[in-house]
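Undergrad: Mind looking at a prediction? Sequence and model below.
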Amino acid sequence: MPEKKVLVADDDPDILLALRIRLESAGYQVVTAMDGSQALEKIRSANPDLAILDINMPEGNAFTILDTLRAEGLRALPVIFLTADAQEKSQVKAFHRGIRHYLTKPYDPKTLLVLVEHALNEASGRAA
Amino acid sequence: MAISVGRNGAVAVRRSASPEEESRRPNGSKALSSVRAAAQIAADADERRRLVETNRELARAQRVQNDFIASVSHDLRSPLASLKEFISIVQDGLAGSLTDLQREYLGIAMRNADALAEMIEHLLVLARIQQGSFRIVRRCVTVPEIVSDDSLLKGARRGRKSVHLRVIVPPALPEIFADPDRLLEAIRNLVDNAIKYSGESVNITISAAEAPDSMVEISVRDDGTGMDAAAMRSLFRRFYRGRHAGRANPGGLGLGLSIVKEIIDLHHGRIAVQSKPGVGSVFRIFVPRFDPKSILLASVRRAWRSHVGAGDGFALVRIGVRRCNGACPRDGTEPLRIVRESLRLVLPPEDEILLDWQTGRRICFLLTDDRDSIQSAVRKIMRSVAQRLRFHSAIRLEWEKNPQWVHSDDFSTPEEMVDAIIKERLSKGGPTDA
């Protein structure tokens, strides 16, 4: 089975590196983006199986990315929000956009890996 | 009028003698009194303006302080995430193998990063409490669902201490009406507190039992250092830190117990403490049982006091869910979560919501104080839930056709009001699963 591809978008290069190490060691192929427009571009070109998005990034936040993807018909891409924003209103807003996986920083790496696996299984279940 | 500002920023106002009082004085002539009265009125107006301005300044300063705490705590989260993740990556051997000594030192680093994370979390909660945005969402839940060895020890700050934790929960304990995440946070804070105020080793027992007044008691007992009467009086004060035998600083910001109290207050529960220096402490928290009628009655009584007591009225609305199709996600709680999140988004926080769901009747009650907007509030709720459900094509939710409501103007007691709406529901029978 080919390895799954995960796009990680965060404007903090340290977090990007940490996530790359963590996800690659778990057997995933990782594509990274440092802002919203790069994330959109890489989602279109690299066709990832899952996206992990920080909410607040330059050149388009995670909500703008979601809206653009939906407008382009890419509704099926599973998305995990990984953010320092722990405000209830942001969580409710995400929930209302269909985001069920909302993880706040500092995150537990084991929880993140379980969520990634769960979201990917769910998506492949839907596709089957 | 005289204004004085105390050390804590509290403003005190002392009233001067009124013109009438002045004129009644034996030696004061009427003309002089009139002049004095006019001068006094002008001075009072000036002072009132100054008072209003001072209060505005204080409120602004408080807002700035809250925003500052919230934004600083938020900004600290990202670097902390990197710090913890890189320690964890090295600990997990993803950067090469480790010696025992390196492993030990990394453990110390991680323990301190965790302590920092806890302090930041407490500051964020404090900011939310002060902004009035710290809320709970209660549901029907069992104590074992919330309290388990794993849930409590995960994240508990053990440090180098040896912690023996026992959880004793009788299987037949009634369900409670609580926010499971917040209640776990409260119990965890009590466990952390027990660990903090103990020697090298501590025994902690968590137990639960039925209590009078439709409550369930959850207690956290430890054999730590215990407290004297003076410490117990200040216990729930923000930033209070008790003395710890042999240590100048027990660690933490002194916010944990004030957060526990805030959480229990939001549950309309209570907390009691017993302690003896050198013997240990027991914290007892009492939260309401899940009894839809009594919970509804308690909400209606509170609304009655605040609305009817102030010469106003309010409505109690019942929205029923007729069908919920069988293709709901695995645990079956997902539709409920969707309804609850949607309600939370469309309703003002002061409205009371009760979802009587797990007992199979699928009824949502809400209180609203505006008689004219009941129908539009109900439509707004249904619309919001429908929008939300668009993202979950597997779930089908169907509301009962006509929401029922009663208004406080038509009843003389809260009990009558609740009886009326419950009878209405029972006479129609409950909805069924598709």
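TA: Ah, there it is.

Undergrad: Kindly report the residues of chain A close to chain B.
TA: Contact residues (Cβ under 8 Å from any Cβ of the partner chain) of chain A with chain B: A:12, A:14-15, A:18-19, A:21-22, A:25, A:84-86, A:88, A:92, A:95-98, A:104-107, A:109. No exception for glycine: its C-beta is placed from N, CA and C like everyone else's.

Undergrad: Mind giving me the ChimeraX command for buried ones among those residues?
TA: One line in ChimeraX is enough to select the buried members of the residues of chain A next to chain B, burial here meaning 16 or more other Cβ atoms under 10 Å in any protein chain shown:
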select /A:12,15,18,19,21,22,84,85,86,95,96,104,105,106,107,109
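
Undergrad: Just the ones of the residues of chain A next to chain B in helices?
TA: Counted as lying in helices by DSSP state H, out of these, are A:14-15, A:18-19, A:21-22, A:25, A:88, A:92, A:95-96, A:109.

Undergrad: Now flag whichever of the residues you listed is closest to residue B:58.
TA: Using Cβ to Cβ, residue A:88 comes nearest to residue B:58 of these, at 26.5 Å.

Undergrad: Report pLDDT for the closest one.
TA: pLDDT, residue A:88: 73.

Undergrad: ditto for residue B:368
TA: We note a pLDDT of 69 for residue B:368 in this prediction.

Undergrad: Quick check, residue B:415 in contact with residue B:297.
TA: Yes - Residue B:415 lies in contact with residue B:297 (Cβ atoms under 8 Å); the separation is 6.7 Å.

Undergrad: which of those two has more neighbours?
TA: Neighbour count, other Cβ atoms under 10 Å in any protein chain shown: between residue B:415 and residue B:297, residue B:297 has more, with 18 against 13.

Undergrad: So what's the residue count around the closest residue to residue B:236 other than its chain neighbours?
TA: Take residue B:236 and drop its neighbours on the chain: the residue closest to it by Cβ to Cβ, 6 or more residues apart in numbering or on different chains is residue B:261, 4.4 Å away. The number of residues packed near residue B:261 is 19, by other Cβ under 10 Å.

Undergrad: so for whichever strand or helix holds residue B:261, what's the average pLDDT?
TA: Using DSSP states H and E, residue B:261 sits in helix B:256-266. Confidence for helix B:256-266, expressed as mean pLDDT, is 90.

Undergrad: tell me what the next helix or strand along the chain from it is packed against?
TA: Using DSSP H and E, the next helix or strand after helix B:256-266 towards the C-terminus is strand B:270-276. With contacts taken as 3 or more Cβ pairs under 8 Å, 6 or more residues apart in numbering or on different chains; DSSP states H and E, strand B:270-276 sits against helix B:229-234, helix B:256-266, strand B:280-288.

Undergrad: could you redo the last one with a cut-off of 10 Å?
TA: Where contact means 3 or more Cβ pairs under 10 Å, 6 or more residues apart in numbering or on different chains; DSSP states H and E, strand B:270-276 is packed against helix B:180-196, strand B:215-222, helix B:229-234, helix B:256-266, strand B:280-288.

Undergrad: contacting residues for residue A:25?
TA: Listed by Cβ atoms under 10 Å, 6 or more residues apart in numbering or on different chains, the contact set of residue A:25 reads A:109, A:113, B:89, B:92-94.

Undergrad: Which single residue in chain A comes nearest to chain B?
TA: In chain A, the residue that lies nearest chain B is residue A:98 (3.2 Å; Cβ to the nearest Cβ).

Undergrad: Before we move on, what's the pLDDT of the spatially most central residue of chain A?
TA: Geometric centre of chain A, nearest residue: residue A:52, 1.5 Å, by Cα atoms, centre = their mean. pLDDT recorded at residue A:52 is 96.

Undergrad: That one falls within a helix, correct?
TA: No - Residue A:52 is assigned strand when assessed by DSSP: H, G, I helix; E, B strand; the rest coil, not a helix.

Undergrad: How about the contacts made by it?
TA: A:6-10, A:19, A:23, A:30, A:32, A:39, A:62, A:78-82, A:101, A:103, A:112, A:115-116, A:119.

Undergrad: Which members of these occur in strands, if any?
TA: A:6-9, A:30, A:32, A:79-82, A:101, A:103 (DSSP state E).

Undergrad: would you list those residues in CSV and tack on neighbour count, pLDDT and distance to residue B:308?
TA: Shown next, in CSV, are the ones in strands among the contacts of residue A:52 (neighbours: other Cβ atoms under 10 Å in any protein chain shown; pLDDT from 0 to 100; distance: Cβ to Cβ, whole Å):
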residue, neighbour count, pLDDT, distance to residue B:308
A:6, 25, 96, 57
A:7, 23, 96, 56
A:8, 28, 96, 55
A:9, 26, 96, 53
A:30, 19, 96, 61
A:32, 20, 95, 60
A:79, 22, 91, 47
A:80, 21, 93, 48
A:81, 24, 93, 44
A:82, 23, 93, 48
A:101, 19, 88, 44
A:103, 15, 91, 45
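
Undergrad: then the lowest-mean-pLDDT helix or strand in chain A to CSV, C-alphas only?
TA: Every helix and strand in chain A was compared by mean pLDDT, DSSP states H and E; the lowest is helix A:88-96, with a mean of 79. C-alpha atoms of helix A:88-96 as CSV (Å, rounded to 0.1, in the frame of the first residue of the first chain):
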residue,chain,number,x,y,z
GLU,A,88,-14.4,28.5,22.4
LYS,A,89,-15.7,30.7,19.6
SER,A,90,-13.0,29.5,17.2
GLN,A,91,-13.7,25.9,18.1
VAL,A,92,-17.5,26.4,17.5
LYS,A,93,-16.7,28.2,14.2
ALA,A,94,-14.5,25.3,13.1
PHE,A,95,-17.2,22.8,14.2
HIS,A,96,-19.7,24.6,12.1
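
Undergrad: Just list what that helix packs against, helices and strands only.
TA: Helices and strands touching helix A:88-96, by 3+ Cβ pairs under 10 Å, 6+ apart, are helix A:62-71, strand A:79-83, strand A:101-104, helix B:334-346, helix B:374-389.

Undergrad: do that again at 7 Å, thanks
TA: Under the contact criterion of 3 or more Cβ pairs under 7 Å, 6 or more residues apart in numbering or on different chains; DSSP states H and E, helix A:88-96 touches helix B:334-346.

Undergrad: Where does the prediction get shaky in chain B?
TA: Residue ranges of chain B with pLDDT under 70: B:1-29, B:70, B:149-160, B:242-251, B:321-373, B:388-396, B:424-434.

Undergrad: right, I mislabeled it, should have said chain A
TA: In chain A (pLDDT under 70), the answer is A:1-2, A:75, A:126-128.

Undergrad: how does it look with 50?
TA: For chain A, no stretch has pLDDT under 50.

Undergrad: Look at residue B:405 and give its secondary structure.
TA: Secondary structure, three-state DSSP: residue B:405 is strand.

Undergrad: Which neighbouring elements make contact with the lengthiest helix in chain B?
TA: Ranked by residue count, the top helix of chain B under DSSP H comes out as helix B:30-91. Applying 3+ Cβ pairs under 7 Å, 6+ apart, one finds that helix B:30-91 contacts helix A:13-25, strand B:2-5, strand B:11-14, helix B:19-23, helix B:100-131.

Undergrad: Let me have these in a markdown table, extended by distance to residue B:401.
TA: Converted to a markdown table, the helices and strands packed on helix B:30-91 look like this (distance: least, Cβ to Cβ, whole Å):
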| stretch | distance to residue B:401 |
| --- | --- |
| helix A:13-25 | 49 |
| strand B:2-5 | 59 |
| strand B:11-14 | 55 |
| helix B:19-23 | 64 |
| helix B:100-131 | 39 |
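
Undergrad: how many other residues sit next to the nearest residue to residue B:189 once chain neighbours are set aside?
TA: The shortest distance from residue B:189 to any non-neighbouring residue, by Cβ to Cβ, 6+ apart, is to residue B:256 (4.2 Å). A count of nearby residues for residue B:256, using other Cβ under 10 Å, gives 22.

Undergrad: OK, contacts around residue B:256?
TA: B:122, B:189, B:192-193 (Cβ atoms under 7 Å, 6 or more residues apart in numbering or on different chains).
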